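Chemist: no FASTA, just this:
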């Protein structure tokens, strides 16, 4: 199913080329009159993808959803519950969701620099499942946080303020045919890394509200347009600037690269297809207080890996200064560190007002 979706994403733009010439001429005429293209911004799942002109303000909201489930994996290989139990675990994660809402505030004091502030809120939900007994005893010990019979499930969730990003995007070229800008965002550790469950033990690492460390996120973005198409590409690196947070660990660094193509189909609507690659390291360090060892998400080596996603989306100009965006993506390749639950779907919705 994932490869069929990937094929559909890649086939989107050539199919759009077959649209009637009259409709395309009407779209070009409307864009020429307004001076605004619906694909002047990247797809809804991209960040730091555009800059503004002197004096412009933009307020935006972005909602991101990720869903994980199915059979756990070690690398690219499916792992059965019995195999996870044989590895010493007594519980596995069988389903997980992550929702994040971000407020984007952007201001351009001049044509060269755009300032950006992004506070966030997140919610994480997880379902755990008891594993079959293997006679190995698992590794619950005094660290145990889940006591489940084989096949029994339990769901839990956390929510709250996430980390806050701020920084600047510097325009290097503003030509419509080829624009470029460099960005440097700083992530402040405003999200909690001290969340504990009812037993007093720390929750799974990924269920904390933030990284707990000051992080740097440089990026470089290219964006180009022709009369009938648009395209963009971006590379970014998330660097954890501290050795450990106050709870004793640090998440792995993350490299991302993405490229997209877009097609205006009317003067205020464009469609897009995008590929996104990410590579993330394992967690370093260790919780400095009581925590579970019963399930894969409890251990640092079961985090990170590489992933390639394919997405399709749409951008809509509701009014000259109001934009909406939506994008859906599925993974077409996942090579996960340790034992992890694979991602099944991700979606993004954005809305922005500029004045």
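Modeler: Nice, thanks for sending it over. Nothing here was measured: the structure is a model prediction, and the numbers come from that model.
Chemist: Helix or strand: which one has residue 85?
Modeler: Per DSSP states H and E, residue 85 falls inside helix 81-86.
Chemist: what is the rounded mean pLDDT of that helix?
Modeler: Here helix 81-86 scores 96 as its mean pLDDT.
Chemist: how far out from the middle of the chain is that helix?
Modeler: Its chain's average C-alpha position is 30 Å from that of helix 81-86, according to Cα atoms, centre = their mean, to the nearest Å.
Chemist: Tell me the buried residues in it?
Modeler: Neighbour counts over helix 81-86 (16 or more other Cβ atoms under 10 Å) mark 81, 83-85 as buried. In short, each C-beta sits where N, CA and C put it, glycine included.
Chemist: Just the closest of those residues to residue 110, please.
Modeler: For those, the minimum distance to residue 110 (Cβ to Cβ) is 55.5 Å, reached by residue 84.
Chemist: Could you check how far that closest one is from residue 345?
Modeler: According to Cβ to Cβ, to the nearest Å, residue 84 and residue 345 sit 23 Å apart.
Chemist: can you count the residues close to the nearest residue to residue 297 once chain neighbours are set aside?
Modeler: With sequence-adjacent residues excluded and distances taken as Cβ to Cβ, 6 or more residues apart in numbering, residue 297 is closest to residue 204, at 4.0 Å. Taking other Cβ atoms under 10 Å as the neighbour definition, residue 204 ends up with a count of 25.
Chemist: what do you get for residue 331?
Modeler: Quick note: residue 331 (other Cβ under 10 Å) scores 19 neighbours.
Chemist: Check which element follows the helix or strand that contains it along the chain.
Modeler: Element membership for residue 331 (DSSP H and E) is strand 322-340. Sequence order places strand 343-354 as the next helix or strand after strand 322-340, per DSSP H and E.
Chemist: how much does that following strand deviate in direction from strand 322-340?
Modeler: Put simply, strand 343-354 runs at 150 degrees to strand 322-340, going by axes from the mean of the first three to the mean of the last three Cα atoms, to 10 degrees.
Chemist: give me the low-pLDDT residue ranges for this structure?
Modeler: Applying pLDDT under 70 to the chain flags the ranges 1-35, 134-146.
Chemist: That one: helices as residue ranges?
Modeler: Counting by DSSP state H, the chain has helices at residues 2-16, 21-34, 81-86.
Chemist: isn't residue 126 right up against residue 92?
Modeler: No - the criterion here is Cβ atoms under 8 Å, and residue 126 misses it with residue 92 at 10.7 Å.
Chemist: got a list of what the residue lying closest to residue 186 once chain neighbours are set aside touches?
Modeler: Among residues not flanking residue 186 along the chain, residue 167 sits closest, at 5.4 Å (Cβ to Cβ, 6+ apart). Contacts for residue 167 (Cβ atoms under 8 Å, 6 or more residues apart in numbering) come out as 115-116, 183-186, 217.
Chemist: if you set the cut-off to 7 Å instead, what comes out?
Modeler: 116, 183-186 (Cβ atoms under 7 Å, 6 or more residues apart in numbering).
Chemist: same thing with residue 165?
Modeler: Here residue 165 is in contact with 118, 185-187 (Cβ under 7 Å, 6+ apart).
Chemist: Max pairwise distance over those: which two?
Modeler: 118 and 186 (10.5 Å).
Chemist: Same drill for those two, tell me which one is more crowded.
Modeler: Between residue 118 and residue 186, residue 118 has the larger neighbour count (other Cβ under 10 Å), namely 21 against 14.
Chemist: The more buried one against residue 102, yeah?
Modeler: Yes - counting by Cβ atoms under 7 Å, residue 102 is a contact partner of residue 118 at 5.3 Å.
Chemist: Chain neighbours aside, what residue packs nearest to residue 238?
Modeler: residue 254 (4.2 Å).
Chemist: Quick check: that neighbour touching residue 278?
Modeler: Yes - Residue 254 is within contact range of residue 278, at 6.3 Å (criterion: Cβ under 7 Å).
Chemist: related to what we said a few turns ago, in strands, which of the contacts of residue 165 appear?
Modeler: 118, 185-187 (DSSP state E).
Chemist: could you redo those residues as a markdown table and give each row distance to residue 130?
Modeler: Formatted as a markdown table, the ones in strands among the contacts of residue 165 follow (distance: Cβ to Cβ, whole Å):
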| residue | distance to residue 130 |
| --- | --- |
| 118 | 39 |
| 185 | 41 |
| 186 | 42 |
| 187 | 36 |
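Chemist: Nearest to residue 72 among those?
Modeler: residue 187 (29.3 Å).
Chemist: what's near enough to touch that closest one?
Modeler: The contact partners of residue 187, by Cβ under 7 Å, 6+ apart, come to 163, 165, 211, 214-215, 217.
Chemist: I'm done for today, thanks for sticking with me.
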